[in-house]
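# got a structure for you, letters missing:
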């Protein structure tokens, strides 16, 4: 087998790792997972003081493969790197020459960590709908255990966009001593009714697909492909801005003239259909349901009389909050709610509102000002930690 | 049978009327409808000069029943009036003491005018997917024929919101002599990629429902209820503003605490499910597909080198354009495109951007400033036409 030509600044070949956790995990819903598997990847090298570790929290459809390429994936043949390769690598914003980066697949996921498609030890069948509804706080608990396992007492930074940012918020509240810096991108302190409404459409599409079989489709040898595809189509519209869609597709037709029918007529239609189709083949429907519910339920201020400033009272880390002007899923106003509460709570917080045309998806893209500010914050952290280690 | 207690300023009891048109209608798609039925209602009295007629054009899920109550419908028992009863009636904005108001169900509809659920005379079966794709310009042609039939040479005003407003735009372009005033509310000169994308999700939901049977569900004794319900749920989210949903539902729960499951947990979920369910029982899926395609295809400037000002070159009527600040389906910017083009074309146009929290749905609601401005415009028309008739 010939050596791969990885792009410049790529972490190159990465190998997912697994850990089987046997300490039971008591969940917010009241149930307990007796044991579970976690899959994760690491990039860069943990230093002697374990002071350079950065945890990456993934969003709704994300997973542990955040950067680089897996065995056999050839960029020359069109293989795509991990989902946040734009930000993670040697010399990149999250510089793997300086940081030891950990990315994991959350519980309930469908990429190797225990989730609805895993075997329920009590039945010998896939969990399916019996998998417990997890919460962001459960993920943070589980991530804290992974930190113990990896020998990381405190993260130099915990970083995430969207649902990932919610995990970072939860880290700052629930594990104040174990997080030095929080980077919260394109996120929100809780969903709005409109956010929940879009999630509910996605769930109904999946749950009312005849191939869903009340969540036990594994046993029927089918997947609710139509429902999952519709869910993704709806989601995808909310990830892009109106402007981005205008620039990308406008009203461009697939043929020269109107065909007057229901085949894909406009470019945006075939794009959406394709996105839905690809997703429905790679993602587990029960996981999608679960992840949307995790989003719905996230509302840390609920335990603090709906006072977000009080919610952050015990937080000790420094915060960097970023949002994107055309993001209408988690608009800048939602990030400002977080920032205002942090300021009110007397915390150290920086905020950047980035002009970007691509909507919510901007957090995954290579925008100059975004990368500059994000990079400056990460560099400051690396400098500080290295200086502390040297002193 | 006892007399009904109709609310004040109601047009009261109304009876739908039917006309069977035998003159063939050549459609934009290239096909011809040999004959067809049109159902319509009228409110008020046509004056001797037929100078006081107002045509109401309906939106996606609308129909001919715009005001008042049908036989047997008892407001005391909770019966609801026609869809634009807030604006049409004696002493209301479209004052039936002064105007003769005509509202019809468009071709392709499912409320009495010929549409996909009607019998195709060539086969003796419902048209279903064989019903031709109609266009806004076809509707205007058909509405012009209805005008002939009713003895109306020129409409004092043609009025419509959303897709209804697109018909008004088309009237001003295609029938310049037959329309004296155009009222275009919460509309757009064409859909954006995002608008089309939402329509496409709705269509895919319907077309991929196993009960759709390639559009021939009538013969199978079923309707694609799940698909149509999902379509409506998506649509409904886009009719409301984020703010309106926040005010109406927020994150209110149906029970006191989180249930950690997939039953409707938040009020907004059960509201959406209910909206979808009701709609799926009252609306024809093929009509929904057709109406969304009519929206997608509408783009009058396409015939004029994509120059909207040129498109209006032959328009002779006076225009009133209105939009609502929180409408993100057809945002104020879309109305301003129309206004700018009209100004550029040297036409007589008024524009009002109304502060309203309810999003796109605002055009159906009773907002003070909206009703005041809309009413002032309609009163001016009535005054002018009555003065002209008297001179």
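Noted; the coordinates are in hand. Everything numeric in this text was worked out from a predicted model, so none of it was measured.
# from chain B, how far out is the closest residue in space to residue A:232 that isn't next to it in sequence?
Leaving aside its chain neighbours, residue A:232 sits nearest to residue A:279 (4.0 Å; criterion: CB to CB, 6 or more residues apart in numbering or on different chains). For every residue, glycine as well, the C-beta is placed using N, CA and C. Taking CB to the nearest CB, to the nearest Å as the measure, residue A:279 falls 13 Å from chain B.
# so who does residue A:279 touch?
If you count contacts by CB atoms under 8 Å, 6 or more residues apart in numbering or on different chains, residue A:279 has them with A:61, A:228-229, A:232.
# try it again at 7 Å.
Neighbouring residues of residue A:279 by CB atoms under 7 Å, 6 or more residues apart in numbering or on different chains: A:228-229, A:232.
# got it, and residue A:315?
A:172-173, A:176, A:347.
# the domain parsing of chain A - what is it?
Chain A breaks down into these domains under the TED database: A:17-190+A:301-390, A:195-293.
# right, and these - which one's nearest residue B:156?
Set against residue B:156 and scored by CB to CB, the domains of chain A come closest in domain A:195-293, at 33.3 Å.
# what about the residue nearest to residue A:30 when sequence neighbours are not counted, neighbour count?
Closest residue in space to residue A:30, ignoring its immediate chain neighbours: residue B:260 at 7.4 Å, by CB to CB, 6+ apart. Applying other CB atoms under 10 Å in any protein chain shown, we find 17 residues neighbouring residue B:260.
# so residue B:260, which of the three states?
coil (DSSP: H, G, I helix; E, B strand; the rest coil).
# wait, doesn't it sit right on residue A:29?
Yes - using CB atoms under 7 Å, residue B:260 is in contact with residue A:29, at 3.7 Å.
# mind naming the longest helix for chain A?
helix A:368-390 (DSSP state H).
# contacts for that helix?
A:47, A:49, A:51-52, A:93-95, A:98-99, A:156-157, A:181, A:183, A:320, A:322, A:350, A:352, A:354, A:356.
# show me where chain A has strands.
Ranges of strands in chain A, per DSSP state E, are A:17-21, A:25-26, A:32-33, A:36-43, A:53-57, A:88-89, A:94-95, A:100-104, A:119-120, A:125-126, A:157-161, A:181-185, A:318-324, A:349-354.
# now those as CSV including mean neighbour count?
What follows is those, written out as CSV (neighbours: other CB atoms under 10 Å in any protein chain shown):
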stretch, mean neighbour count
strand A:17-21, 14
strand A:25-26, 15
strand A:32-33, 14
strand A:36-43, 21
strand A:53-57, 28
strand A:88-89, 28
strand A:94-95, 23
strand A:100-104, 26
strand A:119-120, 13
strand A:125-126, 16
strand A:157-161, 29
strand A:181-185, 28
strand A:318-324, 25
strand A:349-354, 19
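# tabulate the ones you listed (a markdown table), appending distance to chain B.
Putting the strands of chain A into a markdown table (distance: least, CB to the nearest CB, whole Å) gives the following:
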| stretch | distance to chain B |
| --- | --- |
| strand A:17-21 | 21 |
| strand A:25-26 | 13 |
| strand A:32-33 | 13 |
| strand A:36-43 | 18 |
| strand A:53-57 | 21 |
| strand A:88-89 | 31 |
| strand A:94-95 | 32 |
| strand A:100-104 | 23 |
| strand A:119-120 | 17 |
| strand A:125-126 | 17 |
| strand A:157-161 | 20 |
| strand A:181-185 | 20 |
| strand A:318-324 | 16 |
| strand A:349-354 | 18 |
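# can you put the ones you listed in JSON lines and add distance to residue A:65 and mean pLDDT?
Shown next, in JSON lines, are the strands of chain A (distance: least, CB to CB, whole Å; pLDDT from 0 to 100):
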{"stretch": "strand A:17-21", "distance to residue A:65": "12", "mean pLDDT": "98"}
{"stretch": "strand A:25-26", "distance to residue A:65": "23", "mean pLDDT": "98"}
{"stretch": "strand A:32-33", "distance to residue A:65": "23", "mean pLDDT": "97"}
{"stretch": "strand A:36-43", "distance to residue A:65": "6", "mean pLDDT": "98"}
{"stretch": "strand A:53-57", "distance to residue A:65": "10", "mean pLDDT": "98"}
{"stretch": "strand A:88-89", "distance to residue A:65": "11", "mean pLDDT": "98"}
{"stretch": "strand A:94-95", "distance to residue A:65": "15", "mean pLDDT": "98"}
{"stretch": "strand A:100-104", "distance to residue A:65": "7", "mean pLDDT": "98"}
{"stretch": "strand A:119-120", "distance to residue A:65": "22", "mean pLDDT": "96"}
{"stretch": "strand A:125-126", "distance to residue A:65": "22", "mean pLDDT": "96"}
{"stretch": "strand A:157-161", "distance to residue A:65": "15", "mean pLDDT": "98"}
{"stretch": "strand A:181-185", "distance to residue A:65": "19", "mean pLDDT": "98"}
{"stretch": "strand A:318-324", "distance to residue A:65": "23", "mean pLDDT": "98"}
{"stretch": "strand A:349-354", "distance to residue A:65": "25", "mean pLDDT": "98"}
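# what does the helix or strand of chain A with the lowest mean pLDDT rub up against?
Every helix and strand of chain A was ranked by mean pLDDT, DSSP states H and E. The lowest is helix A:242-248, at a mean of 92. For helix A:242-248, contacts defined as CB under 7 Å, 6+ apart pick out A:268, A:326, A:357-359, B:192-194, B:197.
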